[in-house]
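*Asks:* Sequence first, predicted model second:
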Amino acid sequence: MPDNFAISAGRRSPGWSDAGWYGSATNAVRKTLSAAGSAFVTSVLLPFAVLATKGRWILLALVMLDLPLQISAHAFYQDDAAARGALGGLEISVTGIALALLYIAWLVGYVIRPELFRRPTFRTSLPVVLYVMFVGLSVFAAEDLQLFSFEFWIMVEMLFLYIYLINWVRTRQDIMFVVTLLLLGMALESLIMIGLRVNGGSLSAMGIKLHVDDADATGSVPRVGGTLGSANGAATYFAALLAPALAVLIMRISRWYDILAASAFLLGGVGLLLTFSRGGWLASAIAASIVALCGWRLLRRGHKALFFFGIVFVISFLGVQKAVSDRLFDDQSATSRIPLMEMALRMIADHPFIGVGANNYTLNMDQYAVQGLSGDWMYAVHNRYLLICAETGPGALLAFLWFGIASIRRGWKCWKFKDKFVSPLALGLTAGLVGFAIAIMFEPGRGSLMMSLLLVPGSLIAAMYSWVVAESARRTARAGVANSYRS
């Protein structure tokens with residue numbers, strides 16, 4: 001029998017003393033409560049852990065499909081500011097809700113099952129972080145803090161989207177999942193725009209706004225914006241995604257992907273045409289040409305024939321459609337943008353450091369319109385670069401350009417790597433970024449859509465670039481071993 005349980009004359013066993021009994025009971029209660037608490041916490045948090053590993057596909061799909069659909073509601077809406085080209089309200093979107101759930105699931109899953117999760121990485125995110133920081137600094141110049149908060153909220157949300165993508169989109173399956181959703185979204189958006197053009201009119205239902213510009217914009221045919229807001233914004237969307245669709249055809253993955261990519265490309269071309277955006281047409285043509293010329297040797301004969309047929313069809317269509325030709329050679333709308341650019345340049349000269357405040361550009365237009373510009377159309381400048389510099393200063397513009405140029409540079413290196421999967425897709429995404437960079441020269445580019453069109457392709461390129469760097473290191477190591485054996 002153990003010594004502490006031995007009964008001797010003159011003293012009681014410590015195991016059976018009053019204090020010992022109380023301590024044992026307390027420990028038992030503490031263990032019971034601890035077990036009950038752990039069970040409760042686990043039962044509450046386990047669904048989020050499962051969501052982090054299994055259900056994230058659904059939430060990520062919602063984010064990607066919401067990119068074109070733009071399902072959202074706005075709080076504290078300011079109609080006057082929105083009518084002049086500002087973000088009119090605080091956006092509460094499907095993307096924001098899904099992204100919040102993704103982060104909760106990620107955090108809970110990392111706490112409960114850390115062995116299933118990689119250590120978070122923030123590589124390539126520095127330019128985005130700096131851009132958001134400069135946007136935040138512009139609060140000291142903002143005249144309307146509420147308008148500022150609308151823009152800053154979107155930028156922070158987009159930063160979290162990029163960080164999530166570069167940490168979760170790493171395998172080929174992940175990348176093709178995102179690309180598939182981008183193509184499905186473009187095909188769906190194109191069908192919506194075609195249906196809207198046939199029926200005409202603008203309407204809103206269940207948080208989805210369908211828009212068609214006034215027919216006066218083209219002289220005879222209305223410009224379709226679909227769920228993407230303005231027609232120029234829709235054109236920017238197609239300029240960024242038509243080239244990746246063409247690149248998927250080059251990849252020769254499967255018949256299913258060929259059908260999806262061809263459908264998205266053809267439907268997207270029709271949707272682009274319905275925007276009647278000359279800047280979007282130019283940007284899309286350059287992006288598609290980059291893919292076609294660089295990847296020509298990889299195209300199948302059928303795809304080459306389809307490409308030639310598409311060129312002939314487009315040229316013929318443009319030649320016989322009066323509305324298109326009128327739009328191409330209409331100098332009035334292009335001329336009207338010059339005073340807007342002059343306004344932006346004067347505003348930049350007067351506020352050269354942190355700008356006039358994010359989303360506060362429209363509040364400052366009137367004082368500059370007095371200088372011989374009051375008779376012109378008062379709207380936010382149709383140039384994203386000038387708008388960024390005017391509102392948030394040259395630091396934000398440099399960070400914005402840094403991210404875009406770095407992503408294009410990585411994408412081009414992936415294309416030169418000559419991998420059957422990585423190279424064609426990287427070429428398409430890179431060409432899409434070039435198209436995006438050109439298109440926003442003719443569009444204010446506000447809201448989550450414009451940043452998504454930059455950050456989502458950039459995150460995919462970053463993932464593929466990490467593979468290229470790792471594979472290059474392995475090839476170099478193998479070559480070094482082979483040379484050592486020969487010597």
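*Replies:* Looks like it came in fine.

*Asks:* ok so residue 211 is a strand residue?
*Replies:* Yes - counting by DSSP: H, G, I helix; E, B strand; the rest coil, residue 211 falls inside a strand.

*Asks:* what secondary structure does the nearest residue to it once chain neighbours are set aside sit in?
*Replies:* Ranked by C-beta to C-beta, 6 or more residues apart in numbering and with sequence neighbours excluded, the top spatial neighbour of residue 211 is residue 225, at 4.1 Å. Quick note: C-beta positions are derived from backbone N, CA and C, even for glycine. Under the three-state scheme (three-state DSSP), residue 225 adopts strand.

*Asks:* correct me, but residue 283 touches residue 436?
*Replies:* Yes - using C-beta atoms under 8 Å, residue 283 is in contact with residue 436, at 7.3 Å.

*Asks:* in the longest helix along the chain, what's buried?
*Replies:* Scanning the chain for the helix with the most residues, using DSSP state H, yields helix 447-486. Buried residues in helix 447-486, defined by neighbour count with 16 or more other C-beta atoms under 10 Å: 447-468.

*Asks:* all strands of the chain, in order?
*Replies:* According to DSSP state E, the chain carries its strands in the segments 72-75, 90-93, 203-205, 208-212, 224-226.

*Asks:* which neighbours do residue 283 and residue 436 share?
*Replies:* 236, 239 (C-beta atoms under 8 Å, 6 or more residues apart in numbering).

*Asks:* okay, these two: which has more neighbours?
*Replies:* A direct count of neighbours by other C-beta atoms under 10 Å for residue 283 and residue 436 places residue 283 higher, at 30 against 24.

*Asks:* mind checking pLDDT for that one?
*Replies:* On pLDDT, residue 283 comes in at 93.

*Asks:* what residues are up against it?
*Replies:* 235, 236, 239, 434, 435, 436, 438, 439.

*Asks:* And the fourth one, how close does it get to residue 143?
*Replies:* Read that as residue 434. Distance of residue 434 to residue 143, given as C-beta to C-beta, to the nearest Å: 36 Å.

*Asks:* Then residue 346?
*Replies:* Applying C-beta to C-beta, the value for residue 346 to residue 143 is 17 Å.

*Asks:* Over to residue 209?
*Replies:* Distance, residue 209 to residue 143, using C-beta to C-beta: 28 Å.

*Asks:* more crowded one of those two?
*Replies:* Between residue 209 and residue 143, counted using other C-beta under 10 Å, residue 209 has the larger neighbour count: 17 against 11.

*Asks:* Please name the nearest non-neighbouring residue to that one.
*Replies:* Closest residue to residue 209 apart from its sequence neighbours, by C-beta to C-beta, 6+ apart: residue 227 at 6.5 Å.

*Asks:* Wait, the one you found touches residue 189, no?
*Replies:* Yes - Residue 227 is within contact range of residue 189, at 6.5 Å (criterion: C-beta under 8 Å).

*Asks:* shared neighbours, the two?
*Replies:* Shared contacts of residue 227 and residue 189, defined by C-beta under 8 Å, 6+ apart, comprise 68, 69.

*Asks:* Okay, now the unreliable bits of the stretch 201-350 of the chain?
*Replies:* 201-207, 214-220, 299-336 (pLDDT under 70).

*Asks:* hang on, the earlier thing: out of residue 227 and residue 189, which sits in the busier spot?
*Replies:* residue 189 (26 against 22).

*Asks:* need the contact list for residue 133.
*Replies:* Residue 133 neighbours (C-beta under 8 Å, 6+ apart): none.

*Asks:* For stretch 348-358, what is the distance to the chain centroid?
*Replies:* 26 Å (C-alpha atoms, centre = their mean, to the nearest Å).

*Asks:* Which positions within it qualify as buried?
*Replies:* In stretch 348-358, counting by 16+ other C-beta under 10 Å, buried: 348, 351, 354, 355, 356, 357, 358.

*Asks:* Save those residues as TSV, and put in distance to residue 472 too.
*Replies:* Listed next are these as TSV, based on distance: C-beta to C-beta, whole Å:
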residue	distance to residue 472
348	42
351	45
354	41
355	41
356	45
357	44
358	40
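
*Asks:* Tell me the one of those residues nearest residue 103?
*Replies:* Closest approach between the buried residues of stretch 348-358 and residue 103, by C-beta to C-beta: residue 358, at 23.3 Å.

*Asks:* contacts for stretch 392-402?
*Replies:* 127-128, 130-131, 134-135, 137-138, 351-355, 357-358, 385, 388-389.

*Asks:* Revised request: answer the last question for stretch 60-76.
*Replies:* For stretch 60-76, with C-beta under 8 Å, 6+ apart as the criterion, the contacting residues are 88-95, 98-99, 102, 146, 150, 161, 168, 177-178, 181-182, 184-186, 188-189, 206-209, 226-229, 237, 447-449, 452-453, 456.

*Asks:* Mind checking which of these are buried?
*Replies:* Neighbour counting by 16+ other C-beta under 10 Å classes 88-91, 93-95, 98-99, 102, 150, 161, 168, 177-178, 181-182, 184-186, 188-189, 209, 226-229, 237, 447-449, 452-453, 456 among the contacts of stretch 60-76 as buried.
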